[in-house]
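Enquirer: Quick one, what's the 3D model for this:
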Amino acid sequence: MAGQGGGWDPRIYERYKTYRDRPALDLMLRIPQDLKPLHIWDLGCGAGEHAALLKRRHPAARVHGLDSSPEMLAEARARPDEVEWVLGDISTFAPEWPPDLIFTNAALQWLPDHAALYPRLADALAPGGVFACQVPMTFESPWHAAMRETAADGPWAARLAGVRGVIRLQTAETYYDWLAPMCSDVDVWSTVYLHVLQGSDPVVDWMRGTGLRPYLHALEGQQEEAAFLDAYRVRLARLFPPRADGVTLLPFPRMFIVARR
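Expert: Next comes the predicted model:
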């Protein structure tokens with residue numbers, strides 16, 4: 001899903017498709033089996049693979065995929081599945097009909113004010129509807145901290161001072177407290193996925209498809225971008241020293257929520 005900054009490059013984002021898909025599929029498995037949705041929204045649908053899968057899983061449903069990236073939606077519209085693709089912002093999401101399922105995978109971490117956003121999305125559901133959400137818990141991760149340190153330490157610091165990346169998530173108990181007053185059942189859990197990455201620069205490669213995007217978009221030209229990435233690599237080298245087997249292990253924590261009205 002598009003966050004702050006420039007356009008998404010679906011080719012970079014898809015490079016680690018298996019790792020990016022797994023949390024979404026794990027989330028789908030926890031959607032209640034008795035749910036028979038007629039209206040489904042995938043918020044932050046990206047290139048559309050999960051909205052398409054939801055359509056195949058619920059063929060009688062009217063499925064919508066919403067994203068703020070024209071590049072991602074161009075990929076989605078090339079799919080054969082009968083899904084309505086919508087260019088829009090989750091922060092102003094206002095469906096014509098109450099959804100029976102709101103599904104959102106790795107999108108809400110870009111948006112502020114979760115205290116208002118999460119209850120608003122749950123409140124939009126039809127009675128008995130389900131809000132299913134997955135968000136990366138990466139704000140506190142060492143590689144995100146190193147990215148922010150790099151942004152604040154260099155000739156680009158003034159330009160990058162106003163860049164907004166992913167936000168710091170609240171505790172699981174806080175999300176429960178926000179959703180419980182309007183939902184009959186709230187399930188919150190977290191999982192750490194250990195990604196086994198190949199190549200000489202895999203963490204930067206991973207981040208170019210997600211967290212680095214807003215920073216790179218704000219830099220001035222390829223020369224400054226190269227200097228910024230070189231400075232970031234120096235910090236990452238201390239966090240991810242070479243392993244004897246040649247791979248880089250990236251422990252990636254994610255929070256999941258399934259709440260039913």
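
Enquirer: In three-state terms, how would residue 193 be classified?
Expert: Secondary structure assignment for residue 193 (DSSP: H, G, I helix; E, B strand; the rest coil): strand.

Enquirer: Hmm, residue 256 and it touching each other?
Expert: No. Assessed by C-beta atoms under 8 Å, residue 193 is found out of contact with residue 256, at 11.7 Å. No exception for glycine: its C-beta is placed from N, CA and C like everyone else's.

Enquirer: Could you check how far the most centrally placed residue in the chain is from residue 137?
Expert: Using C-alpha atoms, centre = their mean, the residue of the chain that lies closest to the mean C-alpha position is residue 106, 1.9 Å off. The spacing between residue 106 and residue 137, counted by C-beta to C-beta, to the nearest Å, is 11 Å.

Enquirer: now residue 123
Expert: From residue 123 across to residue 137, the span is 25 Å (C-beta to C-beta).

Enquirer: for the stretch 1-150 of the chain, which spans come out with low pLDDT?
Expert: Low-confidence segments of the stretch 1-150 of the chain (pLDDT under 70): 1-16.

Enquirer: Give me the more crowded residue out of residue 193 and residue 256.
Expert: Taking neighbours as other C-beta atoms under 10 Å, residue 193 and residue 256 compare with residue 256 leading, 19 against 14.

Enquirer: got the contact list for that one?
Expert: Residues in contact with residue 256 (C-beta atoms under 8 Å, 6 or more residues apart in numbering) are 23, 26-27, 30, 133-134, 187-191.

Enquirer: Wait, a strand at it?
Expert: Yes. Per three-state DSSP, residue 256 lies within a strand segment.

Enquirer: quick one: pLDDT of it?
Expert: Per-residue pLDDT puts residue 256 at 98.

Enquirer: for the one 5 residues further on, same thing?
Expert: The predicted structure scores residue 261 at 96 on the pLDDT scale.

Enquirer: what does residue 226 give?
Expert: Looking at residue 226, its pLDDT reads 95.

Enquirer: ditto for the one 4 residues further on
Expert: According to the predicted model, the pLDDT of residue 230 comes to 95.

Enquirer: How many residues are close by residue 46?
Expert: Applying other C-beta under 10 Å, we find 27 residues neighbouring residue 46.

Enquirer: How much space separates the closest residue to residue 160 other than its chain neighbours from residue 219?
Expert: For residue 160, ignoring the flanking residues on the chain, the nearest one in space by C-beta to C-beta, 6 or more residues apart in numbering is residue 151 at 4.2 Å. Look at residue 151 and residue 219: by C-beta to C-beta, they are 10 Å apart.

Enquirer: Could you name every residue contacting both of these two?
Expert: With C-beta under 8 Å, 6+ apart as the test, residue 151 and residue 219 both reach 160, 228.

Enquirer: Looking at these two, which is more packed in?
Expert: A side-by-side neighbour count of residue 151 and residue 219, using other C-beta under 10 Å, places residue 151 first with 23 against 19.

Enquirer: so where does that one fall, helix or strand?
Expert: Element membership for residue 151, per DSSP states H and E: helix 142-152.

Enquirer: Check which element follows that helix along the chain.
Expert: Assignment by DSSP H and E places the next element after helix 142-152 at helix 157-160.

Enquirer: Packing partners of the helix or strand following that next one?
Expert: Using DSSP H and E, the helix or strand that follows helix 157-160 in sequence is helix 172-179. Using 3 or more C-beta pairs under 8 Å, 6 or more residues apart in numbering; DSSP states H and E, the elements in contact with helix 172-179 are helix 114-123, strand 185-197, strand 248-260.
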